[in-house]
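Trainee: Return atomic coordinates for the entry below.
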Amino acid sequence: MDCDVLIVGAGPTGLMLANQLARRGVRAPIIDRHPGPARETRALGVQARTLEIYSKLGVVQRALALGKRGDGANLWADGRRVARVPLADAGARLSPYPYLLVLGQDDNEKILGEQLHAFGQSVQWNTELLTLTQTPERVVATLKQPDGSVREIEAAWVAGCDGAHSAVRERCGIGFPGAPYEHVFFVADVQATGSMVADEVNVYLWKDGFHLLFPMRGQDHWRIVGILPAALNDRDDVRFEDVIPSLREEAGAGLSFDACSWFSTYRIHHRSASRFREGRAFVLGDAAHIHSPVGAQGMNTGLQDAYNLGWKLGLVVQGQADASLLDSYEAERLPVARRLLDTTDRAFKLVVSDRWWAGLLRTEVLARVGALLMSRPRVQRMAFRVVSQIGIHYRESALSMSLDDPPDGAPRAGDRFPWLQLRFQVDGPVEDLYDKLDDLHFHLLVFGQPVPPAPLLLPAELIRVHAFPSDADNDAELARGKLPQPSFYLLRPDGHVALCGAQLDLAALARHAAGPLALRSLPLA
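Mentor: Got it, this is the predicted structure:
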């Protein structure tokens, strides 16, 4: 074949997948029909879970340098600040990155593109997918090249990361049900001063809608997202000056604008692909799901699609796992997308409804209830888990299995394993668990018990074993994370728990690896 995986689409999702495959030695050319990277972007919120993935990829410091930390979110109603969510406090013990990083999609693409170049690979721009046919053994794609010529390429798999109008999804006959929202939105990059809390996200709710103000890199630099006033909906020549009156009405007469470097209007759809796989073709990111901007979830969800599929494709292409492992991509990611679509859709309809009671609900009831709830640390932590996407789990996945019923609050099979500070060796230093565990291997974590001397019955090149000593520091940290002792956890390369239990059972470990995980060449006990 010409390649192992053909990636169609070089947005954040496609670039993430290309990077994950490149670092695993998979031949995966990436093409895009556009002439180059996006210059204007609407997506700009990078959540904690994405930053954790960026850390594994080695690009998190670059992202932090280019972005702007939002340590809190402020809720305003009728010109009054009614609530604040202290993200830094809410997520301080939950993630190394307890904040929202405001970083535009264009900068995310730049970072991922540079990293891909470091792997010796680059995007083939001005290259369009024309046709796609499949056999049981391969995919044959017809591509239109930059010079207008046409050529065929054979690949074992194809990944459609090519956005809402995905050619891969359409060529595979995958439905994309949904509809556009009736409202027109605007986005603007401005230099502004006013009542907004500096360096934090500001959400202004008013009787006719909302405005979101995100702090951007630089002094008094803000990205504004809002609903276009109804009187302007049918105009093609709307300028930023036309929306300033509605902005001042909500955010205060003292709101002052020094410059606007970019202004655009757009409509939003809410759609989900009927399935995320057709034979040897997969759809990811906006090709699989699009939804409202509520919660800054869209780009992050696409990046996690790629992270989920990347390690699985890597194992299968390298012959280390059976192709049945790839069935778990749709089984795990489609429910996540559907839940996200449902929750953001309901929240979005509430904040944009123009019914009189909805305006009252936004500015009075929601504001008061939100202020009360968000003053409670437990609610703050729950909200952080949801918005940051660290709470996403795959408990219903066939890859997730528990040998025992874990105690309340303990990590369960399918969960993202918690962020801990542990001593890996007797008298050794306390170290960051996430820094120590790479995402190119499975990791077996053993607590409160020795590792049996018998062989693990797992391929040594796929798994790393860590038996943690019992001391005061480790015991306190495990108690904080509600991890029982004795216990063991087999972590997938993406950090989610594949198998867990109390007493380490080597035979059960081997059966799970050879069964649901589909790892090859495993001698069964």
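
Trainee: The residue nearest to the spatial centre of the chain: helix or strand, and which one exactly?
Mentor: The centroid of the chain falls nearest to Asn300 when counting by CA atoms, centre = their mean (2.9 Å). With secondary structure defined by DSSP states H and E, Asn300 is part of helix 298-317.

Trainee: Which positions within that helix qualify as buried?
Mentor: By neighbour count on 16 or more other CB atoms under 10 Å, the buried set for helix 298-317 is 298-317. In this view, the C-beta of every residue, glycine as well, is placed from N, C-alpha and C.

Trainee: Ok, stretch 79-91 next?
Mentor: Residues of stretch 79-91 classed as buried: Arg81, Val82, Ala83, Arg84, Val85, Pro86, Leu87, Ala90, Gly91 (neighbour count, 16+ other CB under 10 Å).

Trainee: my guess is the second one meets Tyr204, correct?
Mentor: No. The pair Val82 / Tyr204 is not scored as a contact, 10.8 Å apart, by CB atoms under 8 Å.

Trainee: what residues do these two have in common as contacts?
Mentor: In terms of CB atoms under 8 Å, 6 or more residues apart in numbering, Val82 and Tyr204 are both contacted by the residues Trp76.

Trainee: show me the contacts for the closest residue to Ile463 other than its chain neighbours.
Mentor: The shortest distance from Ile463 to any non-neighbouring residue, by CB to CB, 6 or more residues apart in numbering, is to Phe442 (4.5 Å). For Phe442, the contact set (CB under 8 Å, 6+ apart) comprises Leu458, Leu462, Ile463, Arg464, Leu490, Leu491, Arg492, Pro493, Ala498.

Trainee: Next: Ser256.
Mentor: Residues counted as contacts of Ser256 (CB under 8 Å, 6+ apart) are Ala192, Thr193, Gly194.

Trainee: Leu228 versus that one, what's the distance?
Mentor: Ser256 is 21 Å from Leu228, where distance means CB to CB, to the nearest Å.

Trainee: And for Leu399?
Mentor: Applying CB to CB, the value for Leu399 to Leu228 is 45 Å.

Trainee: more neighbours, the two?
Mentor: Neighbour tally, Leu399 and Leu228, criterion other CB atoms under 10 Å: the higher count belongs to Leu399, 23 against 20.

Trainee: wait, the more buried one sits on Ala513?
Mentor: No. Using CB under 8 Å as the test, Leu399 is too far from Ala513 to be in contact (10.4 Å).

Trainee: can you confirm Leu129 is in a strand?
Mentor: Yes. When classified by DSSP: H, G, I helix; E, B strand; the rest coil, Leu129 is found to be part of a strand.

Trainee: Enumerate the beta-bridge partners assigned to it.
Mentor: Per DSSP bridges, the residues bridged to Leu129 are Leu143.

Trainee: residue contacts, it?
Mentor: By CB under 8 Å, 6+ apart, the contact list for Leu129 reads Val8, Ile31, Arg33, Ala141, Thr142, Leu143, Asp162, Ala167, Val168, Arg171.

Trainee: Helix, strand, or coil at the spatially closest residue to the last one that is not a sequence neighbour?
Mentor: Yep, that's Arg171 we're talking about. Nearest non-adjacent residue to Arg171, counting by CB to CB, 6+ apart: Leu132, 3.9 Å away. Reducing the assignment at Leu132 to three states with three-state DSSP gives strand.

Trainee: Could you measure from Leu132 over to Phe176?
Mentor: In terms of CB to CB, Leu132 sits 16 Å off from Phe176.

Trainee: quick one: which of the two has more around it?
Mentor: Neighbours were counted for Leu132 and for Phe176 using other CB under 10 Å; Leu132 has more, 22 against 19.

Trainee: Now do the same contact list for the more buried one.
Mentor: In this structure, Leu132 makes contact with Val139, Val140, Ala141, Thr142, Val158, Ala167, Val168, Arg171, Cys172, Ala281, judged by CB under 8 Å, 6+ apart.

Trainee: Show the pLDDT at the last one.
Mentor: pLDDT, the model's per-residue confidence, is 98 for Ala281.

Trainee: The fourth one now?
Mentor: In the prediction, the pLDDT value recorded for Thr142 is 98.

Trainee: number of nearby residues for the closest residue to Arg239 other than its chain neighbours?
Mentor: Of all residues beyond its chain neighbours, the one nearest Arg239 is Phe263 (6.6 Å), with distances taken as CB to CB, 6+ apart. Phe263 is flanked by 18 other residues according to other CB under 10 Å.

Trainee: thought Phe263 was touching Phe186?
Mentor: Yes. With contact defined as CB under 8 Å, Phe263 and Phe186 form a contacting pair (6.8 Å).

Trainee: who touches both of those two?
Mentor: Taking CB under 8 Å, 6+ apart as the contact criterion, the residues that touch both Phe263 and Phe186 are Phe240.

Trainee: For Arg49, which non-adjacent residue is closest in space?
Mentor: Excluding its sequence neighbours, the residue lying closest to Arg49 (CB to CB, 6+ apart) is Gln389, at 4.0 Å.

Trainee: Please apply the same query to Ile174.
Mentor: For Ile174, the nearest residue in space outside its immediate sequence neighbours is Ala273; the separation is 5.2 Å by CB to CB, 6+ apart.

Trainee: Kindly tell me how buried that neighbour is, as a neighbour count.
Mentor: Ala273 is surrounded by 25 other residues when neighbours are defined as other CB under 10 Å.

Trainee: who touches it in this structure?
Mentor: Ala273 sits in contact with Arg169, Ile174, Gly175, Phe176, Val283, Ala287, Ala288, His289, where contact means CB under 8 Å, 6+ apart.

Trainee: Drop anything exposed from these.
Mentor: Neighbour-count burial (16+ other CB under 10 Å) applied to the contacts of Ala273 gives Arg169, Ile174, Phe176, Val283, Ala287, Ala288, His289.

Trainee: next helix or strand past the strand or helix carrying the first one?
Mentor: What it means is Arg169. Here Arg169 sits within helix 167-171, counting by DSSP H and E. Past helix 167-171, further along toward the C-terminus, the next helix or strand under DSSP H and E is strand 178-193.

Trainee: Identify each buried residue in that following strand, please.
Mentor: For strand 178-193, the buried set under the neighbour-count rule, 16+ other CB under 10 Å, comprises Gly178, Tyr181, His183, Val184, Phe185, Phe186, Val187, Ala188, Asp189, Val190, Gln191, Ala192.

Trainee: Tell me the strands beside that strand, with direction?
Mentor: In the sheet, strand 178-193 lines up with strand 221-227 (antiparallel), strand 256-272 (antiparallel) (DSSP bridges).

Trainee: List the buried residues of the first one.
Mentor: Going by neighbour count (16+ other CB under 10 Å), the buried part of strand 221-227 is His221, Trp222, Arg223, Ile224, Val225, Gly226, Ile227.
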